[in-house]
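Q: following is a predicted model, sequence given first.
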Amino acid sequence: MLGGAFGIEGQMPEVEDKVRGAADALAKLGADVERVDAPLQTLAGAVGFGTLQSLVHDAFYGGGFGLGAANLQVPSYAERTRTLWERADEFPANVKTLLLTSAVLDEQAGYRYLALARNLTRELRRQYDELLTRVDLLLLPTSPITAPPIPEPDASAAVIYNTAYATLTHTFAFNLTQHPALSVPCGLVDGLPVGLMLVGRHWDEATLYRAAHAFEQERDWRER
């Protein structure tokens, strides 16, 4: 269990209870469950936010992908993103906020904070890699909350922004470090599903699938 992902501000206690119950179920299946800690875990969200300039430039100036990236690309997607700016007034408040923030950072600090975030991402990845030499998987909540209501049409920009990003607390880190992760439903809170996130070593998706399959065979999450 990834210690820094539990007991954090804003996380629903009911969500933690379901995820801890899932950890107990895995223990009954034969897994050795222990607490492990990555010192940067509690700052992972802030590190991710520090990369927003890169996200904005890739999505809105780079055709939807990094120009220097060697990843497999989708040409039709790149073509569609060329016209995004023609509908900028239709962007939701959270996207407009990111664009404005990125523009301010570009003007006032250049890429200083992006550089810091990139360096911290390397350290975060190293910390997870070190933990995964001692354990096979990391276990934590997928989201700190259950699915929030869709904001009303007249909701404030703050409500839209907070709703858009409230569920990303734990997942953002692994988008940065590129560790394979999957979410398995592990129970219900007020009729809404809770996700158990399992994170593994790079190129070791097979271990994730085996653990998730064993967990799903052990219980019906709709009855928990």
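A: Sure, I can see it. Numbering: from 1, shown residues only.
Q: for R126, grab the count of nearby residues.
A: 13 (other Cβ atoms under 10 Å). Just so you know, the C-beta spots here come from the backbone N, C-alpha and C atoms, and that holds for glycine as well.
Q: that one belongs to a strand?
A: No - assessed with DSSP: H, G, I helix; E, B strand; the rest coil, R126 is helix; it does not lie in a strand.
Q: wait, what's in contact with A155?
A: Contacts of A155 were listed using Cβ atoms under 8 Å, 6 or more residues apart in numbering, and they are T163.
Q: tell me the SS of it?
A: coil.
Q: output the below-cut-off pLDDT ranges for the protein.
A: Regions of the chain meeting the criterion pLDDT under 70 cover residues 63-71.
Q: tell me, what residue is most central in it?
A: T171 (1.5 Å; Cα atoms, centre = their mean).
Q: so which residues of the protein form strands?
A: Taking DSSP state E, the strands of the chain run over residues 138-141, 181-189, 192-199.
Q: compare these and give me the one nearest E14.
A: Of all the strands of the chain, strand 181-189 sits nearest to E14, with 4.4 Å by Cβ to Cβ.
Q: tell me which residues in the closest one are buried?
A: Applying a neighbour-count criterion of 16 or more other Cβ atoms under 10 Å, one finds A181, L182, S183, V184, P185, C186, G187, L188, V189 buried in strand 181-189.
Q: and for stretch 76-88?
A: T81, L84.
Q: measure it end to end?
A: 20 Å (Cα to Cα, to the nearest Å).
Q: just how off-centre is it within its chain?
A: 25 Å (Cα atoms, centre = their mean, to the nearest Å).
Q: how about stretch 201-220?
A: 19 Å.
Q: kindly report the same for stretch 1-11.
A: Here the centre of stretch 1-11 is set off from its chain's centre by 14 Å, with Cα atoms, centre = their mean.
Q: so how far is the first residue of it from its last?
A: Counting by Cα to Cα, you get 16 Å between the two ends of stretch 1-11.
Q: L29 and H213 touch, don't they?
A: No - counting by Cβ atoms under 8 Å, L29 stays clear of H213, with 10.8 Å between them.
Q: with distance to W221 added, can I get the strands of the chain in JSON lines?
A: Shown next, in JSON lines, are the strands of the chain (distance: least, Cβ to Cβ, whole Å):
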{"stretch": "strand 138-141", "distance to W221": "14"}
{"stretch": "strand 181-189", "distance to W221": "4"}
{"stretch": "strand 192-199", "distance to W221": "7"}
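Q: wait, which of those is closest to T83?
A: strand 181-189 (32.5 Å).
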